[in-house]
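S.K.: I need the structure of the sequence given here:
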Amino acid sequence: MDQNFRQEEKQRREKERVEQKKREKERKKTERKYRKSLEKQGIATSTRKRENDKIRQTDKKLNLIILVLSVLLVGLLLIIFLV
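M.R.: This next block holds a predicted model:
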């Protein structure tokens with residue numbers, strides 16, 4: 001009886017797991033359709049790729065600014081100590 005109960009419990013858990021995966025897949029599919037419809041309407045345009053591109057652009061600008069300021073600082077220090 002104990003083995004029978006374990007098998008039934010195992011089958012029940014497996015069935016629940018499969019159903020949960022199915023629900024998750026359906027939810028993702030619906031979410032994707034909804035997001036695409038919003039993007040077509042122009043309401044939602046933010047995606048991870050665009051966000052990452054913005055971050056990279058900001059990074060490049062900040063690196064350039066830091067480089068320019070460091071060169072100016074070195075120039076200023078040279079002028080101060082050599083004059």
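S.K.: so which helix or strand takes in Val68?
M.R.: Secondary-structure assignment from DSSP states H and E places Val68 in helix 48-82.
S.K.: distance from that helix to the middle of the chain?
M.R.: Using C-alpha atoms, centre = their mean, to the nearest Å, the distance from the centre of helix 48-82 to the centre of the chain it belongs to is 26 Å.
S.K.: so for Ile80, what's the pLDDT?
M.R.: Residue-level confidence at Ile80 comes out at 93, pLDDT.
S.K.: ok, Val83 next?
M.R.: For Val83, the model assigns a pLDDT of 83.
S.K.: same check, this time on Lys61
M.R.: 95.
S.K.: residues near it, how many?
M.R.: Using other C-beta atoms under 10 Å, Lys61 has 10 other residues around it. The C-beta positions use only the backbone N, C-alpha and C, and glycine is treated the same way.
S.K.: what's near enough to touch it?
M.R.: Lys61 is in contact with no residue at all, counting by C-beta atoms under 8 Å, 6 or more residues apart in numbering.
S.K.: can you read off the backbone torsions of Gly42?
M.R.: Note on Gly42: backbone dihedrals following degrees, to the nearest 10 are phi 90, psi 10.
S.K.: what's the neighbour count on it?
M.R.: Using other C-beta under 10 Å, Gly42 is surrounded by 7 other residues.
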